[in-house]
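Q: The sequence and its predicted three-dimensional model are supplied below.
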Amino acid sequence: MTEETTVPLKIVVLVKHVPDVQFDRHIDSASLRLDRSESVLSELDEYAVEAAVSLVESQGGFAAGHEVIAATMGGKSASNSVKKALQMGASSGFHLNDDALAGSDTVATSKALAALIEHVGDVDLVVTGMSSTDAETSVVPAQLAERLNFAQLTHALAVEFDGASRELTIRRDHADRTLSLTAALPAVLSVTDQANEPRYPNFKAIMAAKKKSITEVDLAGIGLDAEAVGASGSRSVVLDATARPAREAGTVINDSGQAGIALVDFLAEQKLI
Amino acid sequence: MPSALVFFNELSDAPSKAQRELLTLASRFDRATLAVASEVPQSAQDVVSGYGVDKLLVAPGNDDVFIDHALSALAAAVKQSEADVVLVANDNFNREIAARLAVRLDGAVITDAIDVSADLVVTKDELAGSYSAQAKATNGTLFVTVKPNSIEDAPQAQGQQLEVQPLDYEAAATPAIRIVATEAKAVSDRPKLTEARVVVAGGRGVNGDFGPVEDLADALAGAVGASRAATDAGWISHDAQIGQTGVTVSPQLFISAGISGAIQQKAGMQTSKCIIAINKDVDAPVFEIADFGIVGDLAKVLPQAAEEIRRRQA
């Protein structure tokens, strides 16, 4: 067993409130922005919360002074994602809530989140999911590493922390191989859905989460101008978004013993063989 | 007319299909430069010169550290080429390189592109292909990650003289990430899942046996994919997973076997040109998006189809 760190860890886990992927999702035709009315904690962020909480548990637990701060940005309802993270074991929450954030691309989003992390201060580790389930760019963690000058340990299939050296080691796929990568803190860690099994909060955890605090800040509170984010802080703009026509169901046949042949006939008709 | 820079972290003897598609896209611009962050074999140079690339910038690097070298090499190549648009592959590593340099150089990054026009308007997929969007940069260099199978690979008839230059770059100043171990993945003779023209995918319905799925894939010279249920059950490697948390594919032909077609599964394949579904359950949602559906037992249908294809091709 590796040694535990003697210096408490301050971990920020980033969570996002996204439209539920179980249902049809829509882009508003006037604003060209995603309709976020029926939103939940991004499923992939549960792996991030689990990674942060279990890392603390492996290092003597919250009693040893470690912190896991669940942080998010966005409108009022975004704090629901922080609440879910608190139920899963995060110790406190931060919500960057400002109307000027709407319409931020990844460049502006990473700028706001980096400023939020610097505002929290003395952060050793930032943990995120592999991707949001809405924009699915999966590049904000790398951009945060760039902005904060933290080591980039992203797309982790597995995570190990050595408390004595305060180094993280992850496994990640890269081209035709799997790499083991090691870096010292501070770091940005993003975890895939292979990295762990997120816990379900029990009744006790749900009740305990109600006593945890969520600090709300706006852009001025973290030292950013409104022009630094949103459309003016973005470096790309969406010109147009149109729903693709729904696919139409084709012929469906019942196999009465010759369906494999019918399949090949169809391929031949379509000039696919 | 803007100029383009293509970046490859690695280039083997023969450029991959996705790499050739990027070179084809670059050749539509005024000038095309290729930068490679590793040694470039002569045979690969010969292929590259057939795509109208004027200049090849080469920066062999350090194999013991992760990502630093690629970042420094691409940053230097952007400066040296003065390109307006940088085209890279859509995999995680290249997306991250592009996104970090957009931050570093105060430019823009757009992912999941399927096309880039002459005036640098990017066409891309949104919400897993259920929307098509157009986007552009508002400032600085535009970094674009391009989905495989979006551009038709088209080398030019006449190769041209390729100017090869070493790339002058500064050593990285980012926190060191050491590569402490490297494991090669099992080599497959099948095409790469994201690049394949044909994909045959199996789900819960294969019930532990991917044999019939693999056999049909081989008859069609295609790749093998799987739903998350099948990879989570350990029936096949996670690398084969298609869907929201796996890879997205957009082949000419997608054959879905024993996959229900839940929204998260559709997310990974709904932009395929032609979809064929085989499922025991007549109510499986996959039939709503299939061009041709078979209600039946995949263990009977797939081997019969594979045998028939081989018979006709013989």
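A: In hand now; what should we look at?

Q: Name all residues that make contact with B:Thr248.
A: Applying CB atoms under 8 Å, 6 or more residues apart in numbering or on different chains to B:Thr248 gives the contacts B:128-129, B:147, B:194, B:242, B:267-269, B:271. C-beta here means a position set from N, CA and C on the backbone, and glycine is covered the same way.

Q: Within reach of chain A, which of the residues you listed are there?
A: Filtering these for proximity to chain A by CB under 8 Å from any CB of the partner chain leaves B:128-129, B:267, B:271.

Q: quick one: which of those residues sit in helices?
A: Judged by DSSP state H, helices contain none of the ones next to chain A among the contacts of B:Thr248.

Q: what separates the residue lying farthest from the centre of chain B from chain A, distance-wise?
A: Relative to the centre of chain B, and counting by CA atoms, centre = their mean, the farthest-placed residue is B:Val282 at 33.0 Å. For B:Val282, the distance to chain A equals 8 Å [CB to the nearest CB, to the nearest Å].

Q: That residue reaches B:Glu288, doesn't it?
A: No. Between B:Val282 and B:Glu288 there is no contact under CB atoms under 8 Å: 11.6 Å.

Q: Which residue ranges make up each domain of chain B?
A: Structurally, chain B divides into domains by automatic domain parsing as follows: B:4-166, B:198-313.

Q: which SS state does the residue farthest from the centre of chain B fall under?
A: Classification of B:Val282 using DSSP: H, G, I helix; E, B strand; the rest coil returns coil.

Q: and it, what does it touch?
A: Counting by CB under 8 Å, 6+ apart, B:Val282 touches A:252, B:295.

Q: try it again with 6 Å
A: When contacts are counted by CB atoms under 6 Å, 6 or more residues apart in numbering or on different chains, B:Val282 touches B:Val295.

Q: Next: B:Gly129.
A: The contact partners of B:Gly129, taken as CB under 6 Å, 6+ apart, are B:270-271.

Q: ok, which stretches of the chain are helices?
A: By default, I'm working from chain A. A:45-58, A:79-87, A:106-120, A:140-148, A:203-209, A:230-233, A:259-269.

Q: Not quite, go with chain B.
A: Secondary structure of chain B (DSSP H): helices at B:17-26, B:42-49, B:68-81, B:92-104, B:211-219, B:228-232, B:263-266, B:298-313.

Q: Ok, which of the ones you listed comes nearest A:Asp20?
A: Closest approach to A:Asp20 among the helices of chain B is made by helix B:263-266 (9.6 Å; CB to CB).

Q: Figure out how far that closest one is from the centre of its chain.
A: Its chain's C-alpha centre and that of helix B:263-266 lie 19 Å apart, by CA atoms, centre = their mean, to the nearest Å.

Q: hmm, who's touching that helix?
A: Defining contact as CB under 6 Å, 6+ apart, one finds that helix B:263-266 is touched by B:227, B:243-244, B:259.

Q: Can you dump the C-alpha atoms of that helix in PDB for me?
A: The C-alpha trace of helix B:263-266 is given here as PDB (Å, rounded to 0.1, in the frame of the first residue of the first chain):
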ATOM      1  CA  ILE B 263     -30.800   7.000 -28.000                       C
ATOM      2  CA  GLN B 264     -27.300   6.600 -26.600                       C
ATOM      3  CA  GLN B 265     -26.600   3.900 -29.200                       C
ATOM      4  CA  LYS B 266     -28.100   5.800 -32.100                       C
END
